[in-house]
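Engineer: sequence and predicted structure, then a few things I'm wondering about:
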Amino acid sequence: MNKAEILIIDDEMQIRKLLEITLQSNNYAVADARTAKEGIIMASNHPPDLIILDLGLPDKSGHEVLKELRQWYTNPIIILSVINSEEDIIHALDNGANDYLTKPFRTGELLARIRSALRSSILEDSDPIIRFDDLEFDLSARTLRKNNELIKLTATEYSLLAIFARNEGKVLTHQYLLRAVWGPGYINQSQYLRVFIAQIRKKIENDPNRPEHLITESGVGYRFVLK
Amino acid sequence: MRTLFINTVSKRRQYLLSSIIVITVSLICFGLASYVGYRVVALILLVTVSLIAITFDILPVLLAAVLSAFIWDFFFIPPRFTFHVTSTDDAILLLMYFIIAMVNAVLTYKIRQIEKVARLKEEKTNAIKLYNTLLNSLSHELRTPIATIIGATDNLQEDNVNLSPANKAQLLSEISKAGLRLNQQVENLLNMSRLESGFIKPKMDWCDINEIVHSVVQRIEEKKISQRIIININQSLPLVKSDKGMIEQILFNLINNSVLYSEPNSRIYISAMCHADILRIVIEDNGRGFPAEELDNVFEKFYRLKGTTTSGTGLGLSIVKGFSEALGGSVHLENIDTGGARFTVSIPAKTSYIKV
């Protein structure tokens, strides 16, 4: 299998160096750009499998670069930025970023996010049965089994879990989830979401207080990971 | 309070107000004219001008002085309702009235100027003191991890053959810890400056306190602490409407504080409850507690317990206080009779008991 190609768009030399070493030693091919302009040209000349984009670029805001890229570029884009305001994160996710990581970041975390972003772009709507721990979630039969025993899900719980399963590894914002499951009139009713998330955790997590699959992204939303 | 009054009453309002006061007092004296002599009226007016001088600027006070002198002359000195003064005594009295009123106005004004200068000077000294404390604790708090990073990398770069793999791993883990510590200090400073700027506006949303407490505790336990943290929260605690990020920071700083200042292998208890729309979070440890005379000071910015050896900037608890107050609540510290300290954070918040 060919190495996946990753394009880094970041103006900080130290960060580029660190990412290059980290990614190359984990078997990715790496290219890098220092400015928004350079990054967009490189991405269009030779579209990479994934782009890591900084928000604070010298010539243009990363938010604009993201919008421009998303007009034609369909592979994953991960934002890596020192900006950690919830507004910026939600804004970037709404504009098509697959993931958002703030600096300083742990390299293990970054690699996990890259793997999951690449995986979900390869496996779009494939296997409708998802297995994790001793659980088996069948999207076509709409069933959840633990050690082959059926676990009851309400209709809302199923819809939520199905959205998470189809977007494995991706941060889904509160508003996105509320609109998708309850409808546009409910996007400010986050209390419903919190109650149902707690409910689903009781059914799928080994320790609902220390979730390993349904992860909270503070102030932003939730992420489902298989691990 | 006085400066506040001056600042809030505009110049033009001061002229108007001082005239109104003088006229009102004169009217009252006019009504009492049959009971008190006109010389007593002079004293009453003089007192009125002095009182005005305490709060108002010099020009409105001078206006009051002149106005009251004319009023006294016209309405009270016989023959009344003329500016004419017949007796020599009265002429001297009027002149002295005028001089005393003026001197009064100028003197109080001068005293106020001197006070103002002294206050500014004191504020400046305090600011410098605070700044120095900040610089001292900051340079220590930032330089220690930086020194660790530079020292450890030097060691690793030298490729010293005597460095065992275990030593190398140790150095690397120190670098990593130093980085995390630097990051936490920057976080504290940013929070502090957010509080100082006064532009802190809570973002209200429904919060699952149970989830927040567990995630904060998980974050702290990742630092491989020796203390045991015991969480005791009823699963049926309702959702509360508050700022999640701020509650997280409050909890992190309080628990982190307990971890830093309690004995190794001791226990830290966290509980939370909701009563009458007030969320109460309690964090207890079974350490030594705080010296009674310092209980009130620990939330002050840059305050460090006397004789403390643990490193820190003294920002953590002041952020806890600032955030609790920004959320409309408070934080309280007390020593437990059986030993240890108890922090109680109380935050008013709407609750939601939605059940699935």
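Structural biologist: Structure received. Numbering: from 1, shown residues only, chains lettered A, B, ... in the order given.
Engineer: and the one helix or strand B:E248 maps to, what does it pack onto?
Structural biologist: Secondary structure assignment for B:E248, by DSSP states H and E: helix B:244-261. With contacts defined as 3 or more CB pairs under 8 Å, 6 or more residues apart in numbering or on different chains; DSSP states H and E, helix B:244-261 has these neighbours: strand B:205-207, helix B:209-221, strand B:267-275, strand B:278-285, helix B:316-326, strand B:341-348. From N, CA and C alone the C-beta is placed, and that goes for glycine too.
Engineer: go again using 7 Å as the cut-off
Structural biologist: Using 3 or more CB pairs under 7 Å, 6 or more residues apart in numbering or on different chains; DSSP states H and E as the contact test, the elements touching helix B:244-261 are strand B:205-207, helix B:209-221, strand B:267-275, strand B:278-285, helix B:316-326.
Engineer: and B:I212, what does it touch?
Structural biologist: Residues near B:I212 by CB atoms under 7 Å, 6 or more residues apart in numbering or on different chains: B:K244, B:I247, B:E248, B:L251.
Engineer: how does it look with 6 Å?
Structural biologist: Shown in contact with B:I212 (CB atoms under 6 Å, 6 or more residues apart in numbering or on different chains): B:I247, B:E248.
Engineer: where's it relative to B:A169, distance?
Structural biologist: 34 Å (CB to CB, to the nearest Å).
Engineer: next: B:S242.
Structural biologist: 42 Å.
Engineer: try B:K110
Structural biologist: 72 Å.
Engineer: cool, B:I128 as well?
Structural biologist: 45 Å.
Engineer: centroid residue for chain A?
Structural biologist: Of all residues in chain A, the one closest to the mean position by CA atoms, centre = their mean is A:K170, 2.4 Å from it.
Engineer: need the phi and psi values for that residue.
Structural biologist: Phi and psi for A:K170, reported as degrees, to the nearest 10, are phi -100, psi 140.
Engineer: ok, residues contacting stretch B:19-34?
Structural biologist: By CB under 6 Å, 6+ apart, the residues outside stretch B:19-34 that reach it are B:V41, B:I44, B:T48, B:A64, B:L67, B:S68, B:I71.
Engineer: returning to that earlier point: B:S242 and B:A169: which is more packed in?
Structural biologist: B:S242 (24 against 10; other CB atoms under 10 Å in any protein chain shown).
Engineer: once you drop chain neighbours, what's closest to the more buried one?
Structural biologist: Nearest non-adjacent residue to B:S242, counting by CB to CB, 6 or more residues apart in numbering or on different chains: B:A349, 4.7 Å away.
Engineer: touching, the one you found and B:K241? I think so.
Structural biologist: Yes. At 5.4 Å, B:A349 and B:K241 qualify as touching, with contact defined as CB atoms under 6 Å.
Engineer: who has more neighbours, the two?
Structural biologist: A direct count of neighbours by other CB under 10 Å for B:A349 and B:K241 places B:A349 higher, at 24 against 19.
Engineer: could you tell me which residues of chain A lie near chain B?
Structural biologist: For chain A, the residues found near chain B under the criterion CB under 6 Å from any CB of the partner chain are A:P104, A:S190, A:Q191, A:R194, A:V195, A:Q199, A:N209, A:G219.
Engineer: let's see that with 10 Å instead.
Structural biologist: For chain A, the residues in contact with chain B (CB under 10 Å from any CB of the partner chain) are A:84-87, A:103-104, A:106, A:154, A:156-157, A:174, A:188-202, A:207-211, A:215-216, A:218-219.
Engineer: so where's the chain shaky on pLDDT?
Structural biologist: Picked chain A for this. A:1, A:120-127 (pLDDT under 70).
Engineer: should've been chain B
Structural biologist: For chain B (pLDDT under 70), the answer is B:1-9, B:133-134, B:137, B:306-313, B:355-356.
Engineer: what about the strands in it?
Structural biologist: Read by DSSP state E, chain B holds these strands, from start to end of the chain: B:205-207, B:228-233, B:239-242, B:267-275, B:278-285, B:330-335, B:341-348, B:351-352.
Engineer: let me see the ranges of the helices in the chain.
Structural biologist: Going with chain A. A:13-24, A:36-45, A:62-69, A:86-94, A:107-122, A:155-166, A:174-181, A:190-204 (DSSP state H).
Engineer: please refer instead to chain B.
Structural biologist: B:2-8, B:11-31, B:38-55, B:58-71, B:88-157, B:165-197, B:209-221, B:244-261, B:316-326.
Engineer: in TSV: the ones you listed, plus distance to B:R228.
Structural biologist: Formatted as TSV, the helices of chain B follow (distance: least, CB to CB, whole Å):
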stretch	distance to B:R228
helix B:2-8	51
helix B:11-31	64
helix B:38-55	60
helix B:58-71	68
helix B:88-157	27
helix B:165-197	21
helix B:209-221	10
helix B:244-261	11
helix B:316-326	21
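Engineer: of all those helices, which lies closest to A:M13?
Structural biologist: Nearest to A:M13 among the helices of chain B is helix B:88-157; the distance by CB to CB comes to 17.4 Å.
Engineer: that closest one vs chain A: in contact?
Structural biologist: No. Using CB under 10 Å from any CB, helix B:88-157 stays clear of chain A, with a minimum separation of 12.6 Å.
Engineer: now do that helix against helix B:165-197, angle only.
Structural biologist: 160 degrees (axes from the mean of the first three to the mean of the last three CA atoms, to 10 degrees).
Engineer: what packs against helix B:88-157?
Structural biologist: Based on contacts counted as 3 or more CB pairs under 10 Å, 6 or more residues apart in numbering or on different chains; DSSP states H and E, the elements that helix B:88-157 packs against are helix B:2-8, helix B:38-55, helix B:58-71, helix B:165-197.
Engineer: quick check: angle from it to helix B:38-55?
Structural biologist: Using the same axes, to 10 degrees: helix B:88-157 against helix B:38-55 is 10 degrees.
Engineer: and helix B:88-157, how far out from the chain middle?
Structural biologist: 16 Å (CA atoms, centre = their mean, to the nearest Å).
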